[in-house]
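Peer 1: Using only what follows, build the 3D model:
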Amino acid sequence: MNYRPIAARLAGLLCRTCGLGALLLAVMMPFSGRAEAARDFSRETARVVPTWLRDGIIYEIFPRNFSATGDFGGITARLDELHDLGVTILWLMPIHPTGKEKSKGALGSPYAVKDYYGINPDYGTAEDLKKLVKEAHQRGMKVIIDIVANHTAWDSVLMKHPEFYKQDGKGKIIPPVAGWSDVAGLNYGNPQLREYMTEMLKHWVDPKGFDLDGFRCDVAYMVPTSFWEEARGELMKVKPDIMMLAEASAPDLMVKAFDADYSWPLLGTLNDVLLNGAPATELKKTWEEGLRKFPQGTLHMRITDDHDEARAVTRFGIEGALAASVLMLSLDGVPLLYNGMEVGDATESGDPALFERMPVFWQPRGRPSLRDIYRNLIKLRNQHPAFRNGKVTWLKSSNEADLVALSRSDEHDEFVVVVNLSNRPVRGQVEVPNSQEFKLIVGGVKVISNGFPALALKGFEYRIYQRSLTAAIANH
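Peer 2: Model (predicted):
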């Protein structure tokens, strides 16, 4: 049975680029006739990714909501602040002009692109964008932009080429999914469209032009893998060290085309644990399932919050959101922060925020010093390669329904991260070799009467311990 229509109808009931809608489609993909569904990708190796991505912290920015001015200048003015937070990669949501025909809400979705070569005049000029990129580069930060390759606005400049679009049996242009009424689906069976889109992508990364560092590719799983692989080859001739991030959870995309994808399955499990009371052991199962399905060395973007989800602080509460972030910052992969997370912003996201102006509220009351907490956690990750390699060891505990315990290590250090993913106080013990050599460095109090690895954690409390391997070797 072809499950794609079912997934599409479910997704159509949701917002235009709703994460849940995308997740439903992605989950259905293995059953929907993807050309390489039977291929064992776990026997293959993922492409080698740029070091700056593997070591990075991605920060997603919705330009019209990030600052009071809602433009590129508002972002440039706060680059020092983002650099101080520890951010290394800026992802700008679509910067192109937004279509008006059949648009939703007062402003329309930024994912309904009118001109791939244009810049939304509300955001500024080409020179404003170039200044933003240049200033970011001077601070050691990379900049990528959102590319919506699957569909366009109905008043797109490409409409003069109806052959570029998907059509029904009567020759009428149609949306890619029935519920996405504000956009028209592109037809990648047309070689001229492929050539146009490839040249457009090269335009944005050209070092002599905008000098962008890559792309986050919207609903990448709905565009043929062959296009992405061909485009990637051409892009690397222009700028070899680019980054390609797929909004997808599809193993075939990770062999040649993309550097990283979304860890949607893990996000779904995290929601199930924190919202529905599923045991925390499900997180390990989901992580291990990824190893069995994806090419070896696949890099996943670890997410708790983005523009498609209700804000994490509204789903999990402030303490639950922070506990979730600690876990994602401690796992393998590359972490994502969505603008406002660092202050606990609870402004709407997804629908209706995609179609209206809903600025981040940067000074919410009654919040702990989340920016300092995030800064310190990111600093720990940036300073220690053990958190940035692919080696994760899940540790056993006496209360695995509530506690997640894992080890990250390299030749210099070993870290143990323990997170209580329940809102209840928890007592337990973690099975940690050489436990007497660990020192508490994050969370709790510096002197623990019951001694590690015995733990007494409050609801959503977390702790991080460190053991110096070089010191241990010297002592022996």
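Peer 1: When you work out contacts or count neighbours from here on, use the C-alpha atoms and nothing else.
Peer 2: Will do.
Peer 1: Can you report how many residues lie near K114?
Peer 2: Residues within reach of K114, counting by other CA atoms under 10 Å, total 25.
Peer 1: same check, this time on the one 3 residues further on
Peer 2: Using other CA under 10 Å, Y117 has 14 neighbouring residues.
Peer 1: Next, find the distance separating it from K102.
Peer 2: 21 Å (CA to CA, to the nearest Å).
Peer 1: Now do the contacts for R375.
Peer 2: R375 makes contacts with 84-86, as judged by CA atoms under 8 Å, 6 or more residues apart in numbering.
Peer 1: who wins for neighbours among the residues you listed?
Peer 2: Counting by other CA under 10 Å, top hit in the contacts of R375: G86 with 23 neighbours.
Peer 1: And stretch 144-159, end to end?
Peer 2: Taking CA to CA, stretch 144-159 runs 26 Å from one end to the other.
Peer 1: Skip the chain neighbours and tell me the closest residue to L283.
Peer 2: Counting by CA to CA, 6 or more residues apart in numbering, L283 lies nearest to T269, which is 6.1 Å off, once chain neighbours are set aside.
Peer 1: Go ahead and confirm the one you found touches T286.
Peer 2: Yes: look at T269 against T286 with CA atoms under 8 Å: they come within range, at 7.2 Å.
Peer 1: So which of the two has more stuff around it?
Peer 2: When T269 and T286 are compared on other CA under 10 Å, the one with more neighbours turns out to be T269, at 22 against 18.
Peer 1: Could you give the number of residues near the nearest residue to G344 once chain neighbours are set aside?
Peer 2: Excluding the flanking residues, the one nearest G344 by CA to CA, 6+ apart is V313, at 6.3 Å. By other CA under 10 Å, 19 other residues sit near V313.
Peer 1: so V313 sits in a helix?
Peer 2: Yes: counting by DSSP: H, G, I helix; E, B strand; the rest coil, V313 is found in a helix.
Peer 1: sorry, back to before: ok, and the residue nearest to L283, which helix or strand is that part of?
Peer 2: Using DSSP states H and E, T269 sits within helix 264-276.
Peer 1: Next: M236.
Peer 2: helix 225-238.
Peer 1: Please identify the buried residues of that helix?
Peer 2: 225, 227-229, 231-232, 234-235 (16 or more other CA atoms under 10 Å).
Peer 1: For V177, state which of those residues is nearest.
Peer 2: When those are ranked by distance to V177 (CA to CA), T225 comes first, at 18.6 Å.
Peer 1: what's near enough to touch that closest one?
Peer 2: Counting by CA under 8 Å, 6+ apart, T225 touches 252-253, 257.
Peer 1: just checking, the residue nearest to G344 touches A324?
Peer 2: No: under the criterion of CA under 8 Å, V313 is not in contact with A324, lying 10.1 Å apart.
Peer 1: so where does the residue lying closest to R64 once chain neighbours are set aside fall, helix or strand?
Peer 2: Once flanking residues are discounted, R64 sits nearest to G70: 3.8 Å by CA to CA, 6+ apart. For G70, there is no host helix or strand (DSSP H and E).
Peer 1: G70: neighbouring residues, count only.
Peer 2: Counted with other CA under 10 Å, G70 comes out at 18.
Peer 1: How much space separates it from A386?
Peer 2: Taken as CA to CA, the span from G70 to A386 is 38 Å.
Peer 1: Equivalent analysis for G99, please.
Peer 2: Distance of G99 to A386, given as CA to CA: 45 Å.
Peer 1: hmm, who's touching stretch 45-61?
Peer 2: The contact list for stretch 45-61, computed with CA under 8 Å, 6+ apart, reads 86-93, 241-243, 254-259, 295-299, 306, 333-339, 378, 382, 388.
Peer 1: so of those, which ones are in helices?
Peer 2: Mapping the contacts of stretch 45-61 onto helices (DSSP state H) picks out 378, 382.
Peer 1: And the buried ones among the contacts of stretch 45-61, selectable in ChimeraX?
Peer 2: Filtering these down to the buried ones (16+ other CA under 10 Å) takes a single ChimeraX command:
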select :86,87,88,89,90,91,92,93,242,243,254,255,256,257,258,259,295,296,297,298,299,306,333,334,335,336,337,338,339,378,382,388
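Peer 1: Can you classify E414 by secondary structure?
Peer 2: Classified using three-state DSSP, E414 is strand.
Peer 1: excluding its backbone neighbours, what's nearest it?
Peer 2: In space, and not counting its chain neighbours, E414 is closest to R467: 5.1 Å by CA to CA, 6+ apart.
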